[in-house]
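[1] coordinates only, sequence not included:
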């Protein structure tokens, strides 16, 4: 079993202990933003997306005792995606019976549920999620100005010259921050999540 599989399994097994609040806080820190952003990308309002995140976490909390992770049956990220879609579907169906509230026509969950492998929004959000986690982990390793230069130039797409001017750095300093940051980012992504799943 690969190291990352062991790490993933250990984390999921820790969630089985429903009294282990730190593991649930870690789960929310790790996935809450991803779930929220994905719900928003599918048409949920801010409030509805927050409710969807809470519903996914509560559903997992209730189901985790009988949850057995088997990578051969599918990836954990596919489980999370399906959980968001189901939560949105339940909310849309419930709200469709209410006179005021969530408009189920805002959601295309029924169509896309049939096209899991073609869900570009989920894949896009997943990759951004991995990138954010890796960059957050780099914060302690870089001078704050160098990290800001890396974020502005590489992640936000500003030119080297614009980044240097905004931060009062030399062009060489921005290039150096970019090169160092990209190298470290590749390393972090490889160790954080070699198969791109967790």
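    Received it, and whenever you're ready, just let me know what you need. Remember, it's a predicted structure, so these values are computed and weren't measured experimentally.

[2] list the buried ones in stretch 77-92?
    Neighbour-count burial for stretch 77-92 flags 77-78, 80-81, 83-88, 91-92 (criterion: 16 or more other C-beta atoms under 10 Å). For glycine as for every other residue, the C-beta is placed from the backbone atoms N, C-alpha and C.

[3] pick the one among these closest to residue 143.
    Set against residue 143, the nearest of the buried residues of stretch 77-92 by C-beta to C-beta is residue 77 (33.1 Å).

[4] helix or strand right after the lowest-mean-pLDDT helix or strand in the chain?
    Here the helix or strand of the chain ranked lowest by mean pLDDT, DSSP states H and E is helix 109-113, holding a mean of 43. Moving toward the C-terminus from helix 109-113, the next helix or strand (DSSP states H and E) is helix 120-138.

[5] what about the helices in the chain?
    3-16, 21-41, 46-63, 76-96, 109-113, 120-138, 144-150, 160-167, 171-192 (DSSP state H).

[6] least reliable of the ones you listed going by mean pLDDT?
    The minimum mean pLDDT among the helices of the chain belongs to helix 109-113 (a mean of 43).

[7] can I get the buried residues of stretch 77-92 in CSV with distance to residue 129?
    Formatted as CSV, those follow (distance: C-beta to C-beta, whole Å):
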residue, distance to residue 129
77, 9
78, 14
80, 10
81, 11
83, 15
84, 13
85, 17
86, 19
87, 18
88, 18
91, 22
92, 24
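
[8] out of those residues, who's nearest residue 185?
    For these, the residue nearest residue 185 by C-beta to C-beta is residue 77; the value is 19.8 Å.

[9] what's the end-to-end length of stretch 13-25?
    15 Å (C-alpha to C-alpha, to the nearest Å).

[10] which residues touch it?
    11, 27, 57, 60-61, 64-65, 67 (C-beta atoms under 8 Å, 6 or more residues apart in numbering).

[11] how close does the residue nearest to residue 154 when sequence neighbours are not counted get to residue 169?
    Excluding the flanking residues, the one nearest residue 154 by C-beta to C-beta, 6 or more residues apart in numbering is residue 178, at 5.7 Å. Applying C-beta to C-beta, to the nearest Å, one obtains 11 Å for the distance of residue 178 from residue 169.
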